[in-house]
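Undergrad: After the sequence you'll find the predicted model.
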Amino acid sequence: MPQVGDSVIREKLAACLRSDPKTLPSMYFYDHRGSELYEEITKLEEYYPPKIEIPLLRSTARKLKQELKDCDLVELGSGDCSKISVFLDEIPEEIRQTIVYYPVDVCKDSIEKSACNLQNKYPEMGIHGITADFLEHIEKIPGKRKRFFCFFGSTIGNFTEARAMEFMADLGKAMNENDRLLLGVDMVKDIDIIEKAYNDRQGITAEFNKNILKVTNDHLGTDFDPEEFEHVAFFNREHSRIEMHLKAKDDLEVASPILDEKIIFKKGETIHTENSHKYTVEGIKRMAGAAGLSVENIFSDDKKWFSLVEMVK
Ligand code: AVJ
(Lines give C-alpha, C1' and ligand atoms only; values in the text may rest on other atoms or scores of the structure.)
Protein backbone atom coordinates (compact mmCIF):
# COMPACT_ATOMS: atom_id res chain seq x y z
CA MET A 1 0.00 0.00 0.00
CA PRO A 2 2.30 2.80 -1.21
CA GLN A 3 0.32 5.50 0.48
CA VAL A 4 1.78 8.92 -0.04
CA GLY A 5 1.78 10.60 3.32
CA ASP A 6 3.28 13.82 4.59
CA SER A 7 6.48 14.56 2.65
CA VAL A 8 8.26 15.87 5.75
CA ILE A 9 7.65 12.58 7.55
CA ARG A 10 8.70 10.66 4.45
CA GLU A 11 11.98 12.53 4.17
CA LYS A 12 12.65 12.10 7.87
CA LEU A 13 12.07 8.34 7.79
CA ALA A 14 14.07 7.90 4.58
CA ALA A 15 17.02 9.84 6.04
CA CYS A 16 16.96 7.70 9.19
CA LEU A 17 17.06 4.51 7.12
CA ARG A 18 19.90 5.83 4.95
CA SER A 19 22.02 6.76 7.97
CA ASP A 20 24.71 4.47 9.31
CA PRO A 21 23.80 2.92 11.71
CA LYS A 22 20.16 2.82 10.61
CA THR A 23 17.58 4.32 12.95
CA LEU A 24 13.84 4.98 13.13
CA PRO A 25 12.45 7.70 15.43
CA SER A 26 10.59 6.23 18.41
CA MET A 27 7.71 8.68 18.04
CA TYR A 28 6.57 6.59 15.06
CA PHE A 29 5.75 3.62 17.27
CA TYR A 30 2.43 5.15 18.09
CA ASP A 31 -0.01 4.62 15.26
CA HIS A 32 -3.37 3.10 16.24
CA ARG A 33 -1.97 -0.42 16.64
CA GLY A 34 1.20 0.85 18.32
CA SER A 35 -0.82 2.77 20.90
CA GLU A 36 -2.87 -0.38 21.56
CA LEU A 37 0.30 -2.41 22.02
CA TYR A 38 1.78 0.20 24.35
CA GLU A 39 -1.43 0.04 26.38
CA GLU A 40 -0.88 -3.73 26.66
CA ILE A 41 2.73 -3.18 27.69
CA THR A 42 1.63 -1.01 30.59
CA LYS A 43 -0.37 -3.98 31.91
CA LEU A 44 2.55 -6.44 31.77
CA GLU A 45 3.92 -7.70 35.05
CA GLU A 46 7.50 -6.96 33.94
CA TYR A 47 6.84 -3.39 32.83
CA TYR A 48 7.16 -1.56 36.14
CA PRO A 49 7.21 2.20 35.26
CA PRO A 50 3.47 3.03 35.24
CA LYS A 51 2.84 0.76 38.21
CA ILE A 52 5.12 3.00 40.22
CA GLU A 53 4.49 6.36 38.61
CA ILE A 54 0.69 6.28 39.07
CA PRO A 55 0.65 5.90 42.88
CA LEU A 56 3.56 8.34 43.01
CA LEU A 57 1.48 10.89 41.12
CA ARG A 58 -1.20 10.53 43.80
CA SER A 59 1.08 10.94 46.80
CA THR A 60 2.97 13.80 45.16
CA ALA A 61 -0.23 15.68 44.27
CA ARG A 62 -1.26 15.52 47.92
CA LYS A 63 2.07 17.09 48.91
CA LEU A 64 2.05 19.78 46.22
CA LYS A 65 -1.60 20.83 46.23
CA GLN A 66 -0.96 24.26 47.82
CA GLU A 67 1.60 25.09 45.13
CA LEU A 68 -1.03 24.47 42.48
CA LYS A 69 -3.32 27.23 43.70
CA ASP A 70 -3.90 29.93 41.03
CA CYS A 71 -1.61 28.16 38.57
CA ASP A 72 -1.58 27.62 34.87
CA LEU A 73 -0.97 23.88 34.82
CA VAL A 74 0.87 23.08 31.59
CA GLU A 75 1.29 19.42 30.70
CA LEU A 76 3.78 18.67 27.93
CA GLY A 77 2.94 15.55 25.92
CA SER A 78 -0.43 15.17 27.64
CA GLY A 79 -1.64 12.27 25.42
CA ASP A 80 -4.95 10.95 26.74
CA CYS A 81 -4.68 13.08 29.92
CA SER A 82 -4.92 9.96 32.09
CA LYS A 83 -1.90 10.87 34.21
CA ILE A 84 -2.98 14.41 34.99
CA SER A 85 -6.38 13.03 35.85
CA VAL A 86 -4.85 10.82 38.55
CA PHE A 87 -2.93 13.86 39.80
CA LEU A 88 -5.96 16.20 39.81
CA ASP A 89 -8.12 13.68 41.66
CA GLU A 90 -6.00 14.35 44.73
CA ILE A 91 -6.34 18.14 44.50
CA PRO A 92 -9.28 19.57 46.47
CA GLU A 93 -12.03 21.13 44.38
CA GLU A 94 -11.48 24.59 45.95
CA ILE A 95 -7.95 24.54 44.58
CA ARG A 96 -8.90 22.91 41.29
CA GLN A 97 -11.24 25.75 40.49
CA THR A 98 -8.33 28.21 40.62
CA ILE A 99 -6.32 26.14 38.10
CA VAL A 100 -6.32 26.49 34.32
CA TYR A 101 -5.05 23.33 32.67
CA TYR A 102 -3.23 23.49 29.33
CA PRO A 103 -2.61 20.06 27.78
CA VAL A 104 0.04 20.36 25.06
CA ASP A 105 0.37 17.60 22.49
CA VAL A 106 1.11 17.15 18.80
CA CYS A 107 -2.06 15.16 18.21
CA LYS A 108 -4.99 17.56 17.74
CA ASP A 109 -7.67 14.87 17.87
CA SER A 110 -6.48 13.36 21.08
CA ILE A 111 -6.17 16.81 22.68
CA GLU A 112 -9.73 17.74 21.80
CA LYS A 113 -11.17 14.42 22.89
CA SER A 114 -9.28 14.19 26.15
CA ALA A 115 -9.77 17.87 27.03
CA CYS A 116 -13.49 17.35 26.56
CA ASN A 117 -13.53 14.25 28.81
CA LEU A 118 -11.53 16.06 31.44
CA GLN A 119 -13.83 19.07 31.33
CA ASN A 120 -16.78 16.78 32.08
CA LYS A 121 -14.90 15.31 35.00
CA TYR A 122 -13.80 18.68 36.41
CA PRO A 123 -16.38 21.30 35.34
CA GLU A 124 -14.92 23.77 37.87
CA MET A 125 -11.52 23.89 36.13
CA GLY A 126 -10.54 25.91 33.04
CA ILE A 127 -9.06 23.80 30.22
CA HIS A 128 -7.43 24.98 27.01
CA GLY A 129 -5.79 22.41 24.75
CA ILE A 130 -2.74 23.49 22.77
CA THR A 131 -1.77 21.57 19.65
CA ALA A 132 1.97 21.95 19.36
CA ASP A 133 5.20 20.08 19.26
CA PHE A 134 6.33 21.46 22.59
CA LEU A 135 9.93 20.91 21.64
CA GLU A 136 9.58 23.48 18.88
CA HIS A 137 6.78 25.81 19.95
CA ILE A 138 7.52 26.68 23.53
CA GLU A 139 6.33 30.25 22.76
CA LYS A 140 2.75 28.97 22.31
CA ILE A 141 2.53 28.31 26.03
CA PRO A 142 0.79 31.06 28.06
CA GLY A 143 2.90 33.11 30.42
CA LYS A 144 0.86 35.55 32.52
CA ARG A 145 0.17 33.59 35.68
CA LYS A 146 2.55 31.39 37.58
CA ARG A 147 2.97 28.11 35.77
CA PHE A 148 3.33 24.55 36.88
CA PHE A 149 4.85 22.48 34.08
CA CYS A 150 4.45 18.70 34.04
CA PHE A 151 6.29 16.23 31.88
CA PHE A 152 5.37 12.75 33.03
CA GLY A 153 6.02 9.20 31.90
CA SER A 154 9.80 9.44 31.60
CA THR A 155 9.26 10.61 28.03
CA ILE A 156 12.39 12.73 28.45
CA GLY A 157 14.22 9.40 28.64
CA ASN A 158 13.47 8.81 24.96
CA PHE A 159 15.45 11.86 23.86
CA THR A 160 19.15 11.59 23.13
CA GLU A 161 21.30 13.13 25.87
CA ALA A 162 21.93 16.19 23.70
CA ARG A 163 18.24 16.62 22.89
CA ALA A 164 17.21 16.19 26.54
CA MET A 165 19.73 18.82 27.53
CA GLU A 166 18.52 21.20 24.84
CA PHE A 167 14.91 20.64 25.88
CA MET A 168 15.70 21.33 29.54
CA ALA A 169 17.69 24.44 28.63
CA ASP A 170 14.80 25.77 26.51
CA LEU A 171 12.39 25.11 29.33
CA GLY A 172 14.79 26.68 31.84
CA LYS A 173 14.94 29.80 29.68
CA ALA A 174 11.16 29.96 29.26
CA MET A 175 10.45 29.53 32.98
CA ASN A 176 9.95 32.49 35.31
CA GLU A 177 10.95 32.82 38.97
CA ASN A 178 7.70 31.40 40.37
CA ASP A 179 7.25 28.64 37.82
CA ARG A 180 7.81 25.00 38.66
CA LEU A 181 8.48 21.85 36.72
CA LEU A 182 7.51 18.34 37.75
CA LEU A 183 9.50 15.86 35.68
CA GLY A 184 8.91 12.09 35.64
CA VAL A 185 12.08 10.02 35.31
CA ASP A 186 12.82 6.32 35.48
CA MET A 187 15.77 5.61 37.76
CA VAL A 188 18.80 3.34 37.36
CA LYS A 189 18.20 0.05 39.15
CA ASP A 190 19.18 -3.63 38.94
CA ILE A 191 19.92 -4.14 35.24
CA ASP A 192 18.10 -7.46 35.13
CA ILE A 193 14.87 -5.75 36.22
CA ILE A 194 15.27 -3.05 33.56
CA GLU A 195 16.07 -5.52 30.79
CA LYS A 196 13.12 -7.76 31.69
CA ALA A 197 10.78 -4.76 31.41
CA TYR A 198 11.73 -4.47 27.72
CA ASN A 199 11.90 -8.21 26.99
CA ASP A 200 8.58 -9.47 28.30
CA ARG A 201 7.84 -13.18 28.13
CA GLN A 202 4.64 -12.66 26.13
CA GLY A 203 6.52 -10.85 23.38
CA ILE A 204 4.29 -7.77 23.42
CA THR A 205 7.28 -5.41 23.47
CA ALA A 206 8.73 -7.33 20.50
CA GLU A 207 5.48 -6.83 18.61
CA PHE A 208 5.44 -3.14 19.59
CA ASN A 209 8.99 -2.73 18.34
CA LYS A 210 8.27 -4.52 15.03
CA ASN A 211 5.11 -2.46 14.49
CA ILE A 212 7.32 0.54 13.63
CA LEU A 213 8.15 -1.30 10.39
CA LYS A 214 4.46 -1.38 9.46
CA VAL A 215 4.20 2.32 10.26
CA THR A 216 7.23 2.87 8.01
CA ASN A 217 5.58 0.80 5.26
CA ASP A 218 2.49 3.02 5.54
CA HIS A 219 4.51 6.21 5.14
CA LEU A 220 7.18 5.11 2.68
CA GLY A 221 5.45 2.33 0.78
CA THR A 222 8.35 0.06 1.75
CA ASP A 223 7.88 -3.71 1.90
CA PHE A 224 9.41 -4.42 5.31
CA ASP A 225 8.40 -7.83 6.60
CA PRO A 226 8.45 -7.53 10.42
CA GLU A 227 9.06 -11.27 10.69
CA GLU A 228 12.45 -10.87 9.03
CA PHE A 229 13.61 -8.91 12.07
CA GLU A 230 14.29 -9.87 15.64
CA HIS A 231 13.49 -7.70 18.66
CA VAL A 232 16.59 -6.82 20.66
CA ALA A 233 16.58 -4.75 23.87
CA PHE A 234 19.52 -4.34 26.24
CA PHE A 235 20.89 -1.93 28.80
CA ASN A 236 23.77 0.20 27.54
CA ARG A 237 25.75 1.04 30.69
CA GLU A 238 27.90 3.70 29.13
CA HIS A 239 24.83 5.75 28.17
CA SER A 240 22.66 4.50 31.03
CA ARG A 241 19.84 3.57 28.72
CA ILE A 242 17.78 0.74 27.34
CA GLU A 243 18.27 0.48 23.61
CA MET A 244 15.75 -1.21 21.40
CA HIS A 245 16.81 -2.47 18.00
CA LEU A 246 15.41 -4.55 15.17
CA LYS A 247 17.98 -7.03 13.92
CA ALA A 248 17.89 -8.43 10.37
CA LYS A 249 17.72 -12.23 10.56
CA ASP A 250 19.35 -12.49 7.12
CA ASP A 251 20.86 -10.42 4.33
CA LEU A 252 17.92 -8.59 2.83
CA GLU A 253 16.77 -5.75 0.61
CA VAL A 254 13.78 -3.55 1.16
CA ALA A 255 12.23 -1.62 -1.72
CA SER A 256 9.89 1.32 -1.99
CA PRO A 257 8.21 2.82 -5.06
CA ILE A 258 8.93 6.29 -3.67
CA LEU A 259 12.60 5.80 -2.85
CA ASP A 260 15.26 5.78 -5.57
CA GLU A 261 17.41 3.17 -3.93
CA LYS A 262 16.83 -0.10 -2.10
CA ILE A 263 17.57 -0.32 1.60
CA ILE A 264 20.21 -3.01 2.04
CA PHE A 265 20.67 -5.03 5.24
CA LYS A 266 23.51 -7.36 6.13
CA LYS A 267 22.53 -10.31 8.33
CA GLY A 268 22.71 -9.13 11.96
CA GLU A 269 22.55 -5.44 11.08
CA THR A 270 20.13 -3.48 13.26
CA ILE A 271 17.78 -0.53 13.09
CA HIS A 272 18.03 1.42 16.34
CA THR A 273 14.42 2.21 17.22
CA GLU A 274 14.42 3.55 20.77
CA ASN A 275 16.46 4.80 23.70
CA SER A 276 14.98 4.90 27.17
CA HIS A 277 17.37 6.61 29.56
CA LYS A 278 17.50 5.73 33.23
CA TYR A 279 18.64 8.41 35.67
CA THR A 280 20.57 8.83 38.88
CA VAL A 281 20.05 11.63 41.43
CA GLU A 282 23.43 13.07 40.40
CA GLY A 283 22.48 12.91 36.73
CA ILE A 284 19.21 14.72 37.40
CA LYS A 285 20.94 17.46 39.38
CA ARG A 286 23.57 17.88 36.69
CA MET A 287 20.89 18.20 34.00
CA ALA A 288 18.89 20.70 36.08
CA GLY A 289 21.98 22.76 36.84
CA ALA A 290 23.02 22.92 33.20
CA ALA A 291 19.51 24.15 32.34
CA GLY A 292 19.66 26.93 34.93
CA LEU A 293 17.21 25.13 37.21
CA SER A 294 17.58 23.69 40.67
CA VAL A 295 16.08 20.59 42.17
CA GLU A 296 13.65 21.48 44.95
CA ASN A 297 12.30 18.02 45.72
CA ILE A 298 12.66 14.46 44.51
CA PHE A 299 9.55 12.39 45.15
CA SER A 300 10.16 8.64 44.84
CA ASP A 301 8.67 5.29 45.71
CA ASP A 302 10.23 3.28 48.57
CA LYS A 303 12.48 1.32 46.22
CA LYS A 304 13.54 4.50 44.39
CA TRP A 305 12.64 3.00 41.02
CA PHE A 306 10.90 6.08 39.64
CA SER A 307 10.99 9.76 40.55
CA LEU A 308 8.95 12.90 40.11
CA VAL A 309 11.48 15.69 40.28
CA GLU A 310 10.32 19.18 41.22
CA MET A 311 12.51 21.91 39.75
CA VAL A 312 12.50 25.68 40.11
CA LYS A 313 14.43 28.43 38.40
C1 AVJ B 1 6.36 5.40 26.93
C2 AVJ B 1 8.50 6.13 26.36
C3 AVJ B 1 8.00 5.70 28.63
O4 AVJ B 1 10.55 4.17 27.24
O5 AVJ B 1 9.66 2.79 28.65
C6 AVJ B 1 7.84 0.76 26.47
C7 AVJ B 1 8.05 3.24 25.76
N8 AVJ B 1 9.21 1.18 24.90
N9 AVJ B 1 8.42 -0.40 26.10
C10 AVJ B 1 9.58 3.58 27.70
C11 AVJ B 1 8.36 1.76 25.71
C12 AVJ B 1 9.23 -0.13 25.13
C13 AVJ B 1 8.18 3.81 27.12
N14 AVJ B 1 7.77 5.25 27.25
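TA: Looks like it arrived, so ask away. Numbering: from 1, shown residues only.

Undergrad: Kindly state the beta-bridge partners for the closest residue to residue 265 other than its chain neighbours.
TA: Nearest residue to residue 265, sequence neighbours excluded (Cβ to Cβ, 6 or more residues apart in numbering): residue 248, at 4.0 Å. For every residue, glycine as well, the C-beta is placed using N, CA and C. Beta bridges link residue 248 to residue 229, judged by DSSP bridges.

Undergrad: how close does residue 113 sit to residue 156?
TA: The spacing between residue 113 and residue 156, counted by Cβ to Cβ, to the nearest Å, is 25 Å.

Undergrad: nope, residue 115 is what I meant
TA: 23 Å.

Undergrad: where's stretch 162-180 relative to the chain centroid, distance-wise?
TA: Relative to the chain's own centre, stretch 162-180 is displaced by 17 Å; criterion: Cα atoms, centre = their mean, to the nearest Å.

Undergrad: Quick check: buried residues in that stretch?
TA: Residues of stretch 162-180 classed as buried by neighbour count (16 or more other Cβ atoms under 10 Å): 164, 167-168, 171-172, 175, 179-180.

Undergrad: In helices, which of the residues you listed fall?
TA: The members of the buried residues of stretch 162-180 that map onto helices under DSSP state H are 164, 167-168, 171-172.

Undergrad: quick one on the thing from earlier: want to throw the buried residues of stretch 162-180 into TSV with distance to the ligand and pLDDT?
TA: As requested, those are exported to TSV (distance: Cβ to the nearest ligand atom, whole Å; pLDDT from 0 to 100):
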residue	distance to the ligand	pLDDT
164	13	95
167	14	93
168	17	95
171	18	93
172	22	94
175	23	93
179	24	96
180	22	97
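
Undergrad: and which of these is nearest residue 212?
TA: residue 164 (21.1 Å; Cβ to Cβ).

Undergrad: Report the separation between the closest one and residue 83.
TA: The gap separating residue 164 from residue 83 is 19 Å, by Cβ to Cβ.

Undergrad: Ok, residue 122 next?
TA: On the measure of Cβ to Cβ, residue 122 and residue 83 end up 14 Å apart.
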